[in-house]
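1. just coords:
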């Protein structure tokens, strides 16, 4: 019996060593990217479908009021812009790729307006979270300006990220919750028509 107990103790000790030596499960590295491109309903789908993107949240940023409501932001009195916060895995998708998708889903030449929506709350903006994002955004803007493809100068802001406030739940993934209303709004606002004029083809959405 003693030999059996000793063997059992040895197995438990070895088992403990194995358990302690086992590597912890890996989790995806996460980074944030924040963009304003007019109606946030329309800015979610282009990013949500990308491999490496973990989530896309609609919200408000760039303003002065804490915890603003949709009514307050849409009235233009808070300084916030309708925005999306993209959570992504940099090992699977680069920030440069996100920038490319962003540019091709906005009209970067029109100040304080995107398609049928007017006002500072619908401005285009890239909110960088660190110096690397700032440099990448400035480089992509410069490259785009030199390409000569745009109908005018780029007016999109490139500014440091400020507190991001999640929008009301009914705004989240609106294109999934209300596909008919979303499609009607997008078409009626002339978004795809204008994007095709600028970029040569309308993006998938």
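-> Thanks, I have the structure now. As the structure is a computational prediction, the values presented were derived from the model and not from experiment.

2. and the residue nearest the centre of the chain, what are its phi and psi?
-> Centroid-nearest residue in the chain: residue 86, 2.8 Å away (criterion: C-alpha atoms, centre = their mean). Main-chain torsions, residue 86, degrees, to the nearest 10: phi -100, psi 120.

3. ok, and the closest non-adjacent residue to it?
-> residue 33 (4.4 Å; C-beta to C-beta, 6 or more residues apart in numbering). C-beta coordinates here come from the backbone N, C-alpha and C atoms, glycine included.

4. neighbours around the one you found, how many?
-> By the criterion of other C-beta atoms under 10 Å, residue 33 has 26 neighbours.

5. one step back: mind checking pLDDT for the residue nearest to the centre of the chain?
-> If you check residue 86, the pLDDT there is 98.

6. Which positions in the host helix or strand of the residue nearest to residue 86 come out as buried?
-> Assigned by DSSP states H and E, residue 33 belongs to strand 31-37. Under the neighbour-count criterion of 16 or more other C-beta atoms under 10 Å, strand 31-37 has 31, 32, 33, 34, 35, 36, 37 buried.

7. Which strands or helices does it pack on?
-> strand 81-88, helix 95-103, strand 124-128 (3 or more C-beta pairs under 8 Å, 6 or more residues apart in numbering; DSSP states H and E).

8. mind checking which of the ones you listed is nearest residue 46?
-> Smallest distance to residue 46 across the helices and strands packed on strand 31-37 (C-beta to C-beta): 5.4 Å, for helix 95-103.
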